[in-house]
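Sequence below, structure please.
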Amino acid sequence: MPIKIPKLLPAREILENENIFIMDEERANQQDIRPLNILILNLMPEKQKAEAQLLRLLGNTPLQVNVTFLRTVTYESKNTSHLHLEQFYSSFKEIKNKKFDGMIITGAPVEHLPFEEVNYWEELTEIMEWTKEAVTSTLHICWGAQAALYHHFGIGKYKLEGKCAGIFSHFVNDRTEKLLRGFDDSYFAPHSRHTNISIEEVEHHPDIKLLSTSEEAGPFIMSANQGRQIMITGHFEYDSQTLADEYYRDMKRGLDPGLPENYFPNDDPNKKPLNNWRSHAHLLFSNWLNYYVYQATPFQWD
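So this is what the prediction gives:
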């Protein structure tokens, strides 16, 4: 939350230069506060796990957040009961006449397919177009980030020789961006995917700001249109055990996934992984809710 200070306080300039969030008394007195309405398009196969992971991060701020879960109608999950979807999820038809302060579009295990061959691609593109007018800021995760880059900016994905899975070090490219306020110069985050995007295409696109990268995993956090669209190619929301669960799942399927990098202590899958990304995950979601949703959304939509 912001610090409220007198408008002419000399320390104001110092704090602003250090990217400390301040608000003068005049602005503070004009503020109206209401709950934030967040829409989550959950494309993950194990939807209940994804729900808990995202809600944990959304719930760690002083802001009151009302969450609506969205499902596709052109494809129904095989791993989540129909009753759960009917009880807790809405269709796009049911919510498309509403406005939302923020939205999250998750990843999905469809990266092996060209975008146009995904069952719900047409439905997803309709939703992504709708967000331009109906959502203040949309956060796209992993495949959701690749889908947004492709649909909105024409940047495609390419297949990796081996799966990018593990915990990788990242660097902050733009320290002035509020989304990364409070981040260390380098930090860790999980990745789990078979495809990537070209860092050169991102860097040369006039509408995209590359905020954070990894030497091993490539482009990580990107922003466009003053934060209306944010793309994150990894999985900050993952629990400590999520990469291990994916590894054991693939082993049972007879695949050869390879150990997630920098994850199991001493590369021993019998040892419990340590979570070294949790604090930055909470910080990123808190920054997104505060600066890109709460501070940017109108008190009352037209």
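
pLDDT at the nearest residue to R193 once chain neighbours are set aside, what is it?
With Cβ to Cβ, 6 or more residues apart in numbering as the criterion, R193 has its nearest non-adjacent residue at 5.4 Å, and that residue is C164. No exception for glycine: its C-beta is placed from N, CA and C like everyone else's. Listed pLDDT for C164 reads 96.

Please apply the same query to the one 4 residues further on.
At F168, the pLDDT value in this model is 98.

Mind listing what's buried along the helix or strand where it lies?
Assessed by DSSP states H and E, F168 sits inside strand 158-172. Under the neighbour-count criterion of 16 or more other Cβ atoms under 10 Å, strand 158-172 has K163, C164, A165, G166, I167, F168, H170, V172 buried.

Check stretch 93-109 too.
I95, K99, F100, D101, G102, M103, I104, I105, T106, G107, A108, P109.

partners of the helix or strand containing the fifth one in the sheet?
Just to be clear, that refers to G102. Assessed by DSSP H and E, G102 sits inside strand 100-105. Using DSSP bridges, the strands paired with strand 100-105 are strand 36-41 (parallel), strand 135-141 (parallel).

Looking at the ones you listed, which one is packed in the most?
strand 135-141 (a mean of 26; mean count of other Cβ atoms under 10 Å).

per-residue confidence averaged over the helix or strand just after it?
Next in sequence after strand 135-141, counting helices and strands by DSSP H and E, comes helix 143-153. Helix 143-153 carries an average pLDDT of 98.

CA-only coordinates of helix 143-153 in CSV, if you can.
The C-alpha trace of helix 143-153 is given here as CSV (Å, rounded to 0.1, in the frame of the first residue of the first chain):
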residue,chain,number,x,y,z
TRP,A,143,1.6,-21.1,-22.5
GLY,A,144,-0.9,-18.3,-21.8
ALA,A,145,2.0,-15.8,-22.2
GLN,A,146,3.1,-17.4,-25.5
ALA,A,147,-0.5,-17.3,-26.7
ALA,A,148,-0.8,-13.6,-25.9
LEU,A,149,2.5,-12.8,-27.6
TYR,A,150,1.4,-14.7,-30.7
HIS,A,151,-2.2,-13.3,-30.9
HIS,A,152,-1.5,-9.7,-29.9
PHE,A,153,2.0,-9.1,-31.2
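
picking that back up, looking at it, the residue nearest to R193 is touching H191, isn't it?
Yes. With contacts counted by Cβ atoms under 8 Å, C164 reaches H191, the gap being 5.0 Å.

which residues touch H152?
M128, A224, Q229 (Cβ atoms under 8 Å, 6 or more residues apart in numbering).

Bridged to the second one, which residues?
When bridges are taken as DSSP bridges, the partners of A224 come out as I208, Q229.

got the residue ranges for the helices in the stretch 51-200 of the chain?
Here the stretch 51-200 of the chain has its helices, by DSSP state H, counting those that start in this stretch, at 82-88, 92-95, 121-134, 143-153, 199-204.

K47 is nearest to which of these?
Smallest distance to K47 across the helices of the stretch 51-200 of the chain (Cβ to Cβ): 7.3 Å, for helix 82-88.

contact partners of the closest one?
Here helix 82-88 has contacts from K47, Q48, F69, R71, E76, S77, using Cβ under 8 Å, 6+ apart.

got the buried residues for that helix?
L85, F88.

hey, C-alpha coordinates of it in CSV?
Only the C-alpha atoms of helix 82-88 are listed here, as CSV (Å, rounded to 0.1, in the frame of the first residue of the first chain):
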residue,chain,number,x,y,z
HIS,A,82,-18.1,-31.8,-14.4
LEU,A,83,-19.8,-31.0,-11.1
HIS,A,84,-16.8,-28.9,-10.0
LEU,A,85,-16.8,-26.9,-13.2
GLU,A,86,-20.5,-26.4,-13.1
GLN,A,87,-20.5,-25.3,-9.5
PHE,A,88,-17.5,-23.0,-9.4
